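Asker: The amino acid sequence is not available; the structure is as follows:
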Ligand code: SER
């Protein structure tokens, strides 16, 4: 099933159950505390908190999301991507656990045709109500696992609504990894769908629960791209229909068929950069712009390591949906700029790496003069087995910001 058919199947199903389709929210919410929209529920935050009323008590959406928390795992796992689409059904003081579970199971095994015996469930330890509900829906006890809050408690990562979750996983089989369910191997047992039972107001951390929400709500997120991975029978997120041509463009550029992890990293990073540039963000040194820059620079460095010495990201960017000429030009310009400084920066870095641990000053100079994102420096140093004074770098960055702020006043 193609990715667009997955989306339609989802929306048709929940539309039939009285959900109103809401257009996707912006990639970056107006609210400053969240860098990018990281879940379908972000635009509904005021509804969950009881600050405003939803147009209907049942909503649904297909939301492009950007998450860079797992950036270090890209290419190394099958299931991570910095951008993906999340399909969600949402309920505001309407249905709760039983319906959200029953419908998710019905859609996965019905419309999407997944084998029932390959589905595993996790619940928050102590939430025996959810265990009983899964059992009443015919899920055998041995495929329900109880995990702690790291796995089965959800919040946006910032103050706001939160709650326990139950997640649905698909067993990709022994070829992929060890037996034992999602508690043991999250590559073999890939998470497809997160059902959040929104009940609490969270403070500064997940440990700080300020109180109950004014109602009991549902927030679910089905990873469209992960479901595509399963339904299209491919090995990883960079090989699904919407990413495949970009992976092919990266391979054509390097002319190699070894180093699959590096090819997939470049594919992922360019796809997300194109998405962000098309949404109006530009490479820069701060905040959201820095994410665009970091993605492109990590991609360029990987290409250099693969032996690509001349700029070549243009056709790669053009292969991404949304990669129109104006977007491609931004990518090409960033690549040219970075390649110019990369050589000089590399010389400094090589010298310093031979000397030993990298000081905050060196990391700052690489960042400020040569445009090396700090995580790139850390990554290169890590490969060389050399430690980095990131605290010292952070201090210098703070001082630098204060100086430039003072300069502007
Ligand atoms: N908010 C939850 C998640 O992102 C479910 O949509 O996983």
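Answerer: Perfect, thanks for sending it. These figures come from a predicted structure and were not determined experimentally. Numbering: from 1, shown residues only.

Asker: Helices of the stretch 251-400 of the chain, residue ranges please.
Answerer: Listed from the start of the chain, the stretch 251-400 of the chain has helices (DSSP state H, counting those that start in this stretch) covering 260-278, 287-305, 313-318, 325-355, 360-368, 374-383, 390-408.

Asker: out of those, which comes closest to the ligand?
Answerer: Between the ligand and the helices of the stretch 251-400 of the chain, the tightest spacing by C-beta to the nearest ligand atom is seen for helix 260-278, at 16.9 Å. C-beta: built from backbone N, CA, C; applies to glycine.

Asker: by how many degrees do that closest one and helix 287-305 diverge?
Answerer: Inter-element angle recorded for helix 260-278 and helix 287-305: 150 degrees (by axes from the mean of the first three to the mean of the last three C-alpha atoms, to 10 degrees).

Asker: List the buried residues of helix 260-278.
Answerer: When burial is assessed from 16 or more other C-beta atoms under 10 Å, helix 260-278 yields the following buried residues: 260, 262-278.

Asker: how many neighbours does residue 334 have?
Answerer: As a burial measure, the neighbour count of residue 334 was computed by other C-beta atoms under 10 Å and equals 24.

Asker: which residues touch it?
Answerer: Counting by C-beta atoms under 8 Å, 6 or more residues apart in numbering, residue 334 makes contact with 283, 292-293, 296-297.

Asker: what residues does the stretch 101-250 of the chain put near the ligand?
Answerer: Proximity of the stretch 101-250 of the chain to the ligand is assessed by C-beta under 6 Å from any ligand atom, with 154, 194, 196, 219-221 identified as the residues in range.

Asker: what's the neighbour count on the residue of the stretch 51-200 of the chain found nearest the ligand?
Answerer: Nearest residue of the stretch 51-200 of the chain to the ligand (C-beta to the nearest ligand atom) works out as residue 194 at 3.6 Å. Under the neighbour criterion other C-beta under 10 Å, residue 194 is assigned a count of 21.

Asker: Would it be right to say that it lies in a strand?
Answerer: Yes. Using DSSP: H, G, I helix; E, B strand; the rest coil, the secondary structure at residue 194 is a strand.

Asker: Now do the contacts for it.
Answerer: Here residue 194 is in contact with 154, 165, 167-168, 220-221 (criterion: C-beta under 8 Å, 6+ apart).

Asker: just residue 389 next, same as before
Answerer: With contacts defined as C-beta under 8 Å, 6+ apart, the neighbours of residue 389 are 357-360, 363.

Asker: Tabulate the residues you listed in TSV, adding columns for distance to residue 225, pLDDT and neighbour count.
Answerer: Conversion of the contacts of residue 389 to TSV gives the following (distance: C-beta to C-beta, whole Å; pLDDT from 0 to 100; neighbours: other C-beta atoms under 10 Å):
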residue	distance to residue 225	pLDDT	neighbour count
357	39	94	12
358	36	95	24
359	41	95	16
360	38	96	17
363	34	95	25
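
Asker: now those in CSV, with distance to the ligand?
Answerer: Output for the contacts of residue 389, formatted as CSV (distance: C-beta to the nearest ligand atom, whole Å):
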residue, distance to the ligand
357, 38
358, 36
359, 39
360, 35
363, 33
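
Asker: Distance-wise, check the closest residue to residue 184 other than its chain neighbours relative to residue 185.
Answerer: Leaving aside its sequence neighbours, residue 184 sits nearest to residue 178 (C-beta to C-beta, 6 or more residues apart in numbering; 5.7 Å). Here the distance between residue 178 and residue 185 works out to 5 Å (C-beta to C-beta, to the nearest Å).

Asker: which among the contacts of residue 334 gets closest to residue 318?
Answerer: Of all these, residue 296 has the smallest distance to residue 318: 14.5 Å, by C-beta to C-beta.

Asker: How about the stretch 101-250 of the chain: which residue is closest to the ligand?
Answerer: When you check the stretch 101-250 of the chain against the ligand by C-beta to the nearest ligand atom, the closest residue turns out to be residue 221, at 2.5 Å.

Asker: quick one: that residue and residue 88 touch, right?
Answerer: Yes. The pair residue 221 and residue 88 qualifies as a contact (C-beta atoms under 8 Å) at a distance of 5.1 Å.

Asker: so what sits against both of those two?
Answerer: Contacts common to residue 221 and residue 88, judged by C-beta under 8 Å, 6+ apart, are 39-41.

Asker: Are any of these buried, and if so which?
Answerer: A residue is treated as buried here by neighbour count (16+ other C-beta under 10 Å); on that basis the buried members of those are 39-41.

Asker: will you turn those into a markdown table that also has pLDDT?
Answerer: Below are these laid out as a markdown table (pLDDT from 0 to 100):
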| residue | pLDDT |
| --- | --- |
| 39 | 95 |
| 40 | 96 |
| 41 | 95 |
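
Asker: Of those, which is the nearest to residue 64?
Answerer: For these, the minimum distance to residue 64 (C-beta to C-beta) is 9.6 Å, reached by residue 40.

Asker: which one is the closest one nearest to, not counting chain neighbours?
Answerer: Residue 40's closest residue in space is residue 88 (C-beta to C-beta, 6+ apart), at 3.4 Å.

Asker: Apart from its neighbours in sequence, what residue is nearest residue 95?
Answerer: residue 218 (6.5 Å).

Asker: how far out from the middle of the chain is the one helix or strand that neighbour maps to?
Answerer: When elements are assigned from DSSP states H and E, residue 218 belongs to strand 209-223. Relative to the chain's own centre, strand 209-223 is displaced by 20 Å; criterion: C-alpha atoms, centre = their mean, to the nearest Å.
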